[in-house]
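Novice: no sequence for this one, just the structure:
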C-alpha cells in the first residue's frame, strides 16, 4: 500500500482502487487514468491486458518472472499483452531488468524508477535517536546500535485486514508517519521501506541480494545493498552456543557494513521524477477520459 500512497500523490484525485490482478475485467463504469506502477503477476489470466476503460500511465512497471522450475508461461510476455504494451509505449519501468525484457521483445521501454522515491522529504530530524528494525530481526547489529532505543516493524499486513483496502492504506500511512517523525536510522530487508526512507531523508541500511536485477533502481538511488548473512550463522541458537569462529564471523560481517550512513541527497532526481509522472498524467487527462483518476 506504500506504492499506492506514493502514486496517489500524482493524481488529481482518487475515486477507486483497482484490483491489480483483475485489471482485464471491468472495475469502473467510465474511463479512468490508472498509474501502472507495481509488481505485476506473471501467471494471472485476468491481469493483462487491462480493460479498455483503463487509460494506463506506465511508470514503475515491473514484470514478475516464473520461479525456477516452473512449467508455466509468462502471461505478461504473450502476444496480446506485448501488443498492448506497444500500443502504449514507451513503458516506464521500475528496474533495468524489466527494461531489457521488454526491449528484447520489441517494446520501447525506459527506466523510470519507483514512485516511492517521490515521497516528500521530512522537514526536521528527530531529536531523540531511535533505530527502526524493519523485517530485519536476523541481521546482527553492532554494539553501537544495540544501545539505541528500538522499534520493531513488520511490513506484512495482518490477516484481519487482508481484504480491507482502506485499513491497509491507513496502516501504511501510520507506518510512514512513524518513520518520518521518529526514525534516525532504519535497518531493513524491505525494498519498499528502504526507498520511502531515502525519499524522506532518513538514513537507511538495506540488506538484500546485491545481484538481484530487480533492485537496480535501489543502487541507482545511491543506496548500498548489503548481502543478508546466512540465517544459521546468526540465529538465536547459534548465539547461545557461539564458537570463536562464529564470533569472528559476526565481527567480520559488521565491519563490512556502514552503520552510520548519511541521508541520500535525492532532491534533484526526485524533482525530475515528479515532473515526468505529472506530465504523463496530464497528457492522459487531455484525452477526455473522465473527471477522476483511479489507481
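Specialist: Now that the structure is in, tell me what you want to look at. If you're wondering where the values come from, they're calculated on a predicted model, not measured in any experiment.

Novice: name the nearest residue to residue 106, sequence neighbours excluded.
Specialist: The shortest distance from residue 106 to any residue other than its chain neighbours is 7.0 Å, reached at residue 86 (CB to CB, 6 or more residues apart in numbering). In short, each C-beta sits where N, CA and C put it, glycine included.

Novice: distance of the spatially closest residue to residue 267 that is not a sequence neighbour relative to residue 265?
Specialist: In space, not counting the residues next to it along the chain, residue 267 is nearest to residue 121; the distance is 7.2 Å by CB to CB, 6+ apart. Distance from residue 121 to residue 265, counting by CB to CB, to the nearest Å: 10 Å.

Novice: looking at those two, which one has more neighbours?
Specialist: Each of residue 121 and residue 265 had its neighbours counted (other CB atoms under 10 Å), and the higher figure belongs to residue 121 (15 against 12).

Novice: where does the residue nearest to residue 267 sit: helix, strand or coil?
Specialist: Assigned state for residue 121: coil (three-state reduction, DSSP: H, G, I helix; E, B strand; the rest coil).

Novice: quick one: average pLDDT of whichever strand or helix holds residue 175?
Specialist: Applying DSSP states H and E as the criterion places residue 175 in helix 165-182. This predicted structure assigns helix 165-182 an average pLDDT of 91.

Novice: by contact count, what packs against it?
Specialist: The helices and strands touching helix 165-182, judged by 3 or more CB pairs under 8 Å, 6 or more residues apart in numbering; DSSP states H and E, are helix 2-8, strand 131-134, strand 150-153, helix 191-200.

Novice: quick one, which of the ones you listed is nearest to residue 248?
Specialist: If you check each of those against residue 248 by CB to CB, strand 131-134 wins as the nearest, at 23.9 Å.

Novice: any idea how far that closest one is from the chain center?
Specialist: Taking CA atoms, centre = their mean, to the nearest Å, one finds strand 131-134 lying 17 Å from the centre of the chain it belongs to.

Novice: can you tell me the closest non-neighbouring residue to residue 263?
Specialist: Nearest residue to residue 263 in three dimensions, chain neighbours excluded: residue 201, at 4.5 Å (CB to CB, 6+ apart).

Novice: since we're on the one you found, how many residues are nearby?
Specialist: Each residue near residue 201 was counted by other CB under 10 Å, and the total is 20.

Novice: repeat that for the one 10 residues further on.
Specialist: If you count neighbours by other CB under 10 Å, residue 211 ends up with 8.

Novice: what does the helix holding residue 175 rub up against?
Specialist: The set of residues external to helix 165-182 that reach it, using CB atoms under 8 Å, 6 or more residues apart in numbering, is 1-2, 4-5, 17, 119, 122, 126, 130, 132, 151, 153, 155, 157, 161, 186, 193, 196-197, 200, 202.

Novice: and stretch 208-223, end to end?
Specialist: Chord length of stretch 208-223, first to last residue, is 11 Å (CA to CA, to the nearest Å).
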